[in-house]
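Asks: Below: sequence and its predicted model.
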Amino acid sequence: MKVAIVEDEELSQNILVRLLNKIDPTIEIAVILDSVEESVKWFSENVVDLIFMDIHLSDGNSFLIFDEVVINTPIIFTTSYDNYTLKAFDVNSVSYIMKPINEVKLKKAIAKLEDLGYIKQKNEKQFKNRFSVKVGNNIIVVDTRNIAYFYNEGRDCFIITNDGDRYIVDYTIAQLEQILDGEIFFQISRACIATIESIDRIQKITNTRMRVSLTPKFFDDVIVSQKRIDEFTRWLNS
């Protein structure tokens, strides 16, 4: 599901992104917009599956957006004001969340979308094929075909692209392991998920351990543990 966030407070942006990734790691944040002007331009050219929208933006009231562009996408309003409820439901709103946003409120709003039929449940597992990452004030999209590996460092998780670019991503290694295509990506250690193309060299240390060198160059070699080595070998040969 592709999601747009219309919100001018950076803290609220980060909270919403973190909660959405926790609730459903397959959600793709397509864009984060912080003004009426920017939103009008973006929604004139792009469509998403769901919009989260604050009411008071950096350059005016978000209802001004609907005077300039037709939006048929379901909208969940997130605001500190309770006096816009009726007006919100005039512009395709399906839910109205009062700040501060928390996981319980967000789950309830998304469940309502499912009940109304906006979100279709698929029997076949869907793998994530792109990631939206924040670079300064901009959002860029990284296709999984351009990703060499993911690694965890402290509390942060990073994408390393085939060109060696590094971006922080708001997922854990455990979450990524669940949403990435296992034919392409493999969790070779607790802190690293890599593609077959990123493996530069494999060295057998003992009968139960292997050392993997990655490209682009990783700051350290990755050790495949005993409990992963059989599955890793099968993945290499598949």
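Replies: Yep, it's here. Numbering: from 1, shown residues only.

Asks: I'd like to check what contacts stretch 97-112. Which residues are they?
Replies: 12, 15-16, 19-20, 22-24, 76-80, 82, 94-95, 119 (C-beta atoms under 8 Å, 6 or more residues apart in numbering). Where you see a C-beta, it was placed from the backbone N, CA and C, and this is true even at glycine.

Asks: ah, wrong one, I meant stretch 168-178
Replies: Counting contacts by C-beta under 8 Å, 6+ apart, the residues outside stretch 168-178 that touch it are 17-18, 21, 25, 131, 133-134, 150-152, 156-159, 179, 185, 187, 190-193.

Asks: Among the residues you listed, name the buried ones.
Replies: Buried residues within the contacts of stretch 168-178, defined by neighbour count using 16 or more other C-beta atoms under 10 Å: 17, 21, 25, 131, 133-134, 150-152, 157, 159, 179, 185, 187, 192-193.

Asks: and the two most separated of those?
Replies: Considering C-beta to C-beta, no two members of the buried ones among the contacts of stretch 168-178 lie farther apart than 134 and 187, which are separated by 24.5 Å.

Asks: any idea which element residue 131 lies in?
Replies: Residue 131 is located in strand 130-135, with elements delineated by DSSP states H and E.

Asks: Check residue 126 too.
Replies: Assessed by DSSP H and E, residue 126 sits outside every helix and strand.

Asks: List the contacts of it.
Replies: For residue 126, the contacting residues are residue 26, by C-beta under 8 Å, 6+ apart.

Asks: Run through the helices of the chain in chain order.
Replies: Using DSSP state H, the helices of the chain run over residues 10-23, 36-43, 65-68, 85-88, 103-115, 173-179, 226-237.

Asks: if I look at residue 66, how far off is residue 54?
Replies: Separation of residue 66 from residue 54 (C-beta to C-beta, to the nearest Å): 14 Å.

Asks: Give me the number of neighbouring residues for residue 130.
Replies: By the other C-beta atoms under 10 Å criterion, the neighbourhood of residue 130 contains 14 residues.

Asks: Quick check: bridge partners of it?
Replies: For residue 130, the beta-bridge assignment (DSSP bridges) gives partners residue 143.

Asks: likewise residue 223?
Replies: Under the criterion used (DSSP bridges), residue 223 bridges to residue 211.

Asks: Now do the strand holding residue 131: which elements does it pack against?
Replies: Packing partners of strand 130-135 (3 or more C-beta pairs under 8 Å, 6 or more residues apart in numbering; DSSP states H and E): strand 28-33, strand 138-143, strand 166-169.

Asks: Please identify the most buried of those strands.
Replies: The highest mean neighbour count among the helices and strands packed on strand 130-135 belongs to strand 28-33 (a mean of 22), with neighbours defined as mean count of other C-beta atoms under 10 Å.

Asks: Going through the contacts of stretch 97-112, which ones are buried?
Replies: Burial by neighbour count, 16+ other C-beta under 10 Å: within the contacts of stretch 97-112 this picks out 12, 15-16, 19-20, 22, 76-79, 94-95, 119.

Asks: which one among the residues you listed gets closest to residue 222?
Replies: Proximity to residue 222 was ranked across the buried ones among the contacts of stretch 97-112 by C-beta to C-beta; first place goes to residue 22, at 26.5 Å.

Asks: Spatially central residue for the chain, please.
Replies: Centroid-nearest residue in the chain: residue 28, 4.5 Å away (criterion: C-alpha atoms, centre = their mean).
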